[in-house]
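Asks: I would like the atomic coordinates for the input below:
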Amino acid sequence: MPANAKVTGDVEYRAGDGPLILIPQGPIEVLLAPDSAVLSWGDAGNTQTTAIPLSEYQRYLGEGVIQPD
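Replies: You can find the predicted model right below:
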């Protein structure tokens, strides 16, 4: 998985109606859509993916907890 950003702080997502889950710090791949950002992380055998609203992704960028490469 080619990483194009890095998580350097607390970045959370919600799986369904469940609790907030922390994305581990380290390399991630980001794919932008018109209304969301799809984040992928992990290794080839254990890749995780989630979509977050674009406004939330932009907030994380502004806070510096997601840093583009």
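Asks: centroid residue for this protein?
Replies: Centroid check for the chain by C-alpha atoms, centre = their mean gives Leu39 as the closest residue, at 3.9 Å.
Asks: Enumerate every residue touching that residue.
Replies: By C-beta atoms under 8 Å, 6 or more residues apart in numbering, Leu39 lies in contact with 11, 13, 23, 28-30, 49-52, 57. C-betas here are computed from N, CA, C, even on glycine.
Asks: Buried only: go through the residues you listed for me.
Replies: 11, 23, 28-30, 50, 52, 57 (16 or more other C-beta atoms under 10 Å).
Asks: Where does pLDDT dip in the protein?
Replies: Applying pLDDT under 70 to the chain flags the ranges 1-2.
Asks: what's near enough to touch the closest residue to Arg14 other than its chain neighbours?
Replies: Among residues not flanking Arg14 along the chain, Leu20 sits closest, at 5.5 Å (C-beta to C-beta, 6 or more residues apart in numbering). Contacts here follow C-beta under 8 Å, 6+ apart; on that basis Leu20 touches 12-14.
Asks: Now, these that are in strands?
Replies: If you go by DSSP state E, the contacts of Leu20 have 12-14 in strands.
Asks: Please produce a markdown table containing those, extended by distance to Ala44.
Replies: Below are the ones in strands among the contacts of Leu20 laid out as a markdown table (distance: C-beta to C-beta, whole Å):
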| residue | distance to Ala44 |
| --- | --- |
| Glu12 | 24 |
| Tyr13 | 21 |
| Arg14 | 26 |
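Asks: Quickly name whichever of these is closest to Gly64.
Replies: Nearest to Gly64 out of the ones in strands among the contacts of Leu20 is Glu12 (C-beta to C-beta; 15.4 Å).
Asks: Can you name the residues bridging to the closest one?
Replies: Listed by DSSP bridges, the beta-bridge partners for Glu12 are Leu22.
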